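>>> After the sequence you'll find the predicted model.
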Amino acid sequence: MIDKKVLNTLLDEGLETGADFCEIFIENTLQNVVRVTGQEVTQTDTNNVYGAGVRIIQNTDEVYGFTNQVNEPSLRKLIHDLRSSFSGPALKATPLGEAKPLRNQIKRPMREVTTKEKADKLLPLAKIIGDFDQKIIQSIAQLIDWEQNILVVNSKGVYQNDERHYARVVLMAVAKDENSMQQAYEGPGRSTGFEIFDEIDLIPLAKETAQSAITLLTADDIESQVMPVVLHNGFGGVIFHEACGHPLEATAIAKGLSPFVGKIGEKIGSDVVTAYDDGDVPGAWGRLNFDDEGKQTQKNLLIENGILKGYLVDYRNGKKMGAESTGSSRRQSYKFSPTSRMNTTYIAAGKDKYEDIIKDTKYGLFAKKMGGGSVQPATGEFNFAVQEGYMIENGKLTRPVRGATLIGHGSDVLFKIDRVADNLDLGQGMCGSISGSIPTDVGQPTIRVTSMTVGGSGVKK
């Protein structure tokens, strides 16, 4: 680790040509993957990410560079190369303060766990999937874990480290019959260590994954139509994350590339919609003690009873907007400059019961599990695949359907949510943006959207 006095000197040098902000981000990350296919360990990988990134800003103009040589001469050369982009009177950095304490409660870090121990947890899960039905032709269980240690120092006096632990179990089933081949997937993750296998009951989840793949074999292809859609809890929140969350990031807001620009205090959704992004949910996949600019994470209210209350703001975009950081600055690694990103983003629980929402829907689609999709943040236009869906007919779940694609605009959907259940749950994923791919939670209770365009290739029965 580089001495704090040296870091202070380097930050001063970063401001010698007129810049008003200089930041050094140092990272050491150990990543591991263990994969079981059938009853065989088919992959064991370990990767070390180690390096430093330097960011220098004058007003809102930024230059960024990185190096995997974390020492004083290398950082000095990088800083001198970057600062040459600016000219102006020299400034002095604020002396670095003291790091605030971390709040991790990891019982057993993955660095203490052998590959064999990991494989011994995965092999039974793959076997459960493979033995579920003779139509299951492939079963996969995989553990992805990494520990990221970072230090952020900047010319505003910030000196803050963080230690992040991530663990994710991926379960996959592939089923085949004479007519088609289908797959199902689950990927629960936590900010935790090896105790993830105690915190999550993975045996029923493995069975559910296998059952989903089998169900899809006999599902009907849904026909295109406009209809009510009930989106289930957990990963159903991916639509809010993509179509509403990204447009609420200062990355889009500061550029004027969002349908929510200038709408703080205005009605942007129905009365039953309240939403948060929280960077400090205990054990959550998207949790951080401190963001990648060294600011403590917090719970940010985005929407309250349909009224837009706030954005997710990082330092640089905050300067453009005249807004304070919300502890929302993130990056994949030292190779990326940080920007505003989500952590754990969710629609808050309502008062309805999931069963009542189904019962009160005469006809529609129940999207039990969501898959991937795409969104245009500037407009909020989206399309998302439904991984597992069922028709709702006369208030009951009936036949399974496949091939459904949900199409719409995030701002439009917010106004069409008329029922919100009390069964809030979170789902985990990797979110990509200009600062790389990062772990995030999406979430919601079961909700009903009164009208959505559902794409499909089926014919009406």
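Received, thanks.
>>> Does the nearest residue to residue 197 once chain neighbours are set aside lie in a helix or a strand, and which?
Using CB to CB, 6 or more residues apart in numbering and skipping the chain neighbours, the partner closest in space to residue 197 is residue 121 (5.1 Å). Glycine gets a C-beta too; all of them are placed from N, C-alpha and C. Counting by DSSP states H and E, the element that carries residue 121 is helix 115-131.
>>> Need the mean per-residue confidence for that helix.
Averaging pLDDT along helix 115-131 yields 98.
>>> Centre of the chain to it, how far?
Distance of helix 115-131 from the chain centroid (CA atoms, centre = their mean, to the nearest Å) equals 26 Å.
>>> So which residues make contact with it?
Contacts to helix 115-131, defined as CB atoms under 8 Å, 6 or more residues apart in numbering, come from residues 32, 34-39, 41, 44, 136, 138-143, 169, 171-173, 194, 197, 202-203, 206-207, 209-210.
>>> what ranges do the helices span in the stretch 251-400 of the chain?
Applying DSSP state H, counting those that start in this stretch to the stretch 251-400 of the chain gives helices spanning 315-321, 354-359.
>>> An error on my part: the question was meant for the stretch 51-200 of the chain.
Counting by DSSP H, counting those that start in this stretch, the helices of the stretch 51-200 of the chain are 72-83, 115-131, 196-199.
>>> List of residues touching the very next helix or strand once past the shortest one?
Pointing back at helix 196-199 there. Where DSSP H and E defines the elements, the next helix or strand beyond helix 196-199 is helix 202-217. Applying CB under 8 Å, 6+ apart, the external contacts of helix 202-217 come out as 124-125, 128-129, 132-133, 135-136, 139, 141, 169, 171-177, 179-180, 182-186, 188, 369, 387-388, 400, 402.
>>> in helix 202-217, what counts as buried?
Buried positions in helix 202-217, judged by neighbour count with 16 or more other CB atoms under 10 Å: 202, 205-217.
>>> per the record, what domains does the chain have?
4-217, 220-457 (automatic domain parsing).
>>> out of those domains, deepest packed?
The highest average neighbour count among the domains of the chain, using mean count of other CB atoms under 10 Å, belongs to domain 220-457 at a mean of 21.
>>> end to end, how far does that one reach?
From its first residue to its last, domain 220-457 covers 10 Å (CA to CA, to the nearest Å).
>>> Could you do stretch 371-387 as well?
End-to-end span of stretch 371-387 (CA to CA): 5 Å.
>>> what about that stretch, distance to the chain center?
Between the centre of stretch 371-387 and the centre of its host chain there is 15 Å, according to CA atoms, centre = their mean.
>>> Would you mind listing the outside residues contacting it?
Outside stretch 371-387, the residues within contact range by CB under 8 Å, 6+ apart are 184-185, 212, 238-239, 242-244, 246-247, 249, 252, 257-259, 365, 367-370, 402, 404-412, 455.
>>> In strands only, show me those residues.
Members of the contacts of stretch 371-387 lying in strands (criterion: DSSP state E): 184-185, 365, 367-370, 402, 405-409, 455.
>>> Could you tell me the angle between the helix-or-strand element of the chain with minimal mean pLDDT and helix 202-217?
Ranked by mean pLDDT, DSSP states H and E, the weakest helix or strand in the chain is strand 363-376, scoring a mean of 91. Here strand 363-376 points in a direction 100 degrees away from that of helix 202-217 (axes from the mean of the first three to the mean of the last three CA atoms, to 10 degrees).
>>> Run the angle between strand 363-376 and strand 405-409 for me.
Put simply, strand 363-376 runs at 60 degrees to strand 405-409, going by the same axes, to 10 degrees.
>>> Relative to strand 363-376, what are the paired strands and their orientations?
strand 223-231 (parallel), strand 381-393 (antiparallel) (DSSP bridges).
>>> what are the ranges of the strands in the stretch 51-200 of the chain?
Ranges of strands within the stretch 51-200 of the chain are 61-67, 136-154, 159-176, 181-186, 189-190, based on DSSP state E, counting those that start in this stretch.
>>> Take those strands and write them to JSON lines, including mean pLDDT.
Conversion of the strands of the stretch 51-200 of the chain to JSON lines gives the following (pLDDT from 0 to 100):
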{"stretch": "strand 61-67", "mean pLDDT": "98"}
{"stretch": "strand 136-154", "mean pLDDT": "98"}
{"stretch": "strand 159-176", "mean pLDDT": "98"}
{"stretch": "strand 181-186", "mean pLDDT": "96"}
{"stretch": "strand 189-190", "mean pLDDT": "98"}
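>>> Make a markdown table out of those and add distance to residue 336.
Below are the strands of the stretch 51-200 of the chain laid out as a markdown table (distance: least, CB to CB, whole Å):
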| stretch | distance to residue 336 |
| --- | --- |
| strand 61-67 | 8 |
| strand 136-154 | 12 |
| strand 159-176 | 15 |
| strand 181-186 | 27 |
| strand 189-190 | 21 |
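>>> circling back to that earlier point, could the helices of the stretch 51-200 of the chain be laid out in CSV, adding distance to residue 299?
What follows is those, written out as CSV (distance: least, CB to CB, whole Å):
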stretch, distance to residue 299
helix 72-83, 35
helix 115-131, 33
helix 196-199, 22
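>>> quick one, which of those helices is nearest to residue 361?
helix 115-131 (31.9 Å; CB to CB).
>>> now the chain, which segments are flagged as low pLDDT?
Along the chain, segments meeting pLDDT under 70 span 460-461.
>>> Skip the chain neighbours and tell me the closest residue to the residue of it positioned farthest from its centre.
Distance from the centre of the chain peaks at residue 89, with 40.9 Å (CA atoms, centre = their mean). Excluding the flanking residues, the one nearest residue 89 by CB to CB, 6+ apart is residue 18, at 6.2 Å.
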